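**Student:** with the sequence up front, the predicted model follows.
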Amino acid sequence: YCLVMLEDVIHLRKSKPVLVAAGIIWSMIGFYYTQNGMSHEAEAAFRHNLLEYAELFFFLLVAMTYINTLTSLNVFQALRAWLLSKGMGFKSLFWATGILTFFLSPLADNLTSALLMSTVAFAVSDGNKKFIVPAFVNIVVAANAGGAWSPFGDITTLMVWTAGKVHTLDFLYLVLPSIVNWLIPAFIMSLFIPKGKPDAKEEVMAMKPGAKRTMLCFILTIATGVSFHQFLHLPPFMGMMCGLGYLMF
């Protein structure tokens, strides 16, 4: 964990010490079980954990593939250009980026949404630090609040959903609390947003051919994943992998 926290200092990817730690932990478990004549139980436990990990891995693999594809098709760059072209003031941009993040997070997970929208906010900030700092905080809060009311919004919601602990429609009960948890901090921060607006910039950025089709396929992929879980009682990652086939076609 110390090496994970020091990633930015020592420039060692956190996955490397975690893999070593996993090997050490499982070797200790295997040694204990073997010494007590229960080697098969250790293997069964490992395979059970591996299956849970694989389900999350394949699910997130599909989601991130779609996000990267949409990025390469200039979808988010076009969004940034659209915001710039509207000539919005700093307060309007503050609310616009927050709202977009809140509704993007349930589809694209909170971390990805925060990173994408922070890039957009920074691009439209015109270098104004009094806008950038609260706008970034607002985006992070909106991403976490928005991700709470969707199975796809966060790794935690995804885990409880794929494990069958919470049904798909039950997440909708969290919509109102999520809105409140974002709106109250956002309103307080909006009082400190500077007046005025960034210098107008004429940036033309059109989406590449196939962008709209990819967005449609992403929506259909999520619907397929939910359907596999909700109606067919199959692992949702299988539906997502099927949706990855839509993108390949």
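**Tutor:** Happy to help now that I have it.
**Student:** which elements pack onto the longest helix seen in the chain?
**Tutor:** For the chain, the longest helix by residue count, based on DSSP state H, is helix 39-72. Other helices and strands packing on helix 39-72, by 3 or more Cβ pairs under 8 Å, 6 or more residues apart in numbering; DSSP states H and E, are helix 15-35, helix 110-124, helix 155-162, helix 211-230, helix 236-248. Every residue, glycine included, has its C-beta placed from N, CA and C.
**Student:** got the contact list for the helix or strand of the chain with the lowest mean pLDDT?
**Tutor:** The helix or strand of the chain with the poorest confidence is helix 75-85; it has a mean of 82 (mean pLDDT, DSSP states H and E). Under the contact criterion Cβ atoms under 8 Å, 6 or more residues apart in numbering, helix 75-85 has outside partners 70-71, 93, 96-97, 100, 116, 119-120, 123-124, 198, 200-207, 211, 214-215.
**Student:** which parts of that helix are buried?
**Tutor:** Buried positions in helix 75-85, judged by neighbour count with 16 or more other Cβ atoms under 10 Å: 75-81, 83-84.
**Student:** can you redo these as CSV with distance to residue 17?
**Tutor:** Formatted as CSV, those follow (distance: Cβ to Cβ, whole Å):
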residue, distance to residue 17
75, 35
76, 32
77, 35
78, 39
79, 36
80, 36
81, 40
83, 40
84, 41
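**Student:** between the residues you listed, which sits nearest residue 237?
**Tutor:** Among these, residue 75 lies closest to residue 237 (Cβ to Cβ), at 24.2 Å.
**Student:** measure the closest one to residue 214 for me?
**Tutor:** To residue 214, residue 75 is 8 Å away according to Cβ to Cβ, to the nearest Å.
**Student:** how about residue 149?
**Tutor:** Distance, residue 149 to residue 214, using Cβ to Cβ: 25 Å.
**Student:** spit out the contact partners of residue 239.
**Tutor:** So residue 239 contacts 221, 224-229 (Cβ under 8 Å, 6+ apart).
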